[in-house]
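S.K.: Sequence plus predicted model, see below.
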Amino acid sequence: MNLIIDKQEKYVLLKIQEAKLTSVVAPELKAEIVLLHHEHFKNMIFDLADVQYCDSSGLSALLVGFRMCRDNNGTFVLCGVQEHVRKLISISQLDSMLHMVPTVNEAIDLIFMEEVEKQITKE
């Protein structure tokens, strides 16, 4: 699987460089997500700009990331979501749960805003 992982202090960015997010690559993606979770990354950004097609196993892999972020009081963001993938997310009624923004920069901004909100709520 072609995957670029960019680890930052507050988040990890995963750029999936595959045209299809299917059962062929989903298990490897899930394994990477679990490893990042064990490294204590609670905020994850998935750049899906290259992903033209996603099936249920690909969606399942993304949901593993979502659950791990949610369970650690983190933020999970999808960016660059193509039309087919967006439709699958909508049909699956997950669009109200998942943060989707157009660009990586907007995803990073969202992570930082959420972190600030959490700090304010703590105080």
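M.R.: Noted; the coordinates are in hand. Numbering: from 1, shown residues only.
S.K.: which secondary structure elements does the host helix or strand of residue 121 contact?
M.R.: Using DSSP states H and E, residue 121 maps to helix 104-122. Helix 104-122 sits against strand 12-16, strand 44-47, strand 76-79, strand 99-101, with contacts defined as 3 or more CB pairs under 8 Å, 6 or more residues apart in numbering; DSSP states H and E. Bear in mind the C-beta positions are built from the backbone N, C-alpha and C, glycine included.
S.K.: if we go to 7 Å?
M.R.: strand 44-47, strand 76-79, strand 99-101 (3 or more CB pairs under 7 Å, 6 or more residues apart in numbering; DSSP states H and E).
S.K.: possible to save those as JSON lines with distance to residue 25?
M.R.: Formatted as JSON lines, the helices and strands packed on helix 104-122 follow (distance: least, CB to CB, whole Å):
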{"stretch": "strand 44-47", "distance to residue 25": "13"}
{"stretch": "strand 76-79", "distance to residue 25": "16"}
{"stretch": "strand 99-101", "distance to residue 25": "20"}
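S.K.: okay, the ones you listed in JSON lines with mean neighbour count and distance to residue 35 next?
M.R.: Shown next, in JSON lines, are those (neighbours: other CB atoms under 10 Å; distance: least, CB to CB, whole Å):
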{"stretch": "strand 44-47", "mean neighbour count": "24", "distance to residue 35": "12"}
{"stretch": "strand 76-79", "mean neighbour count": "24", "distance to residue 35": "16"}
{"stretch": "strand 99-101", "mean neighbour count": "18", "distance to residue 35": "22"}
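S.K.: partner residues bridging the residue nearest to the spatial centre of the chain?
M.R.: Closest residue to the average C-alpha location of the chain: residue 46 at 3.7 Å, with CA atoms, centre = their mean. With DSSP bridges as the criterion, residue 46 is bridged to residue 14, residue 78.
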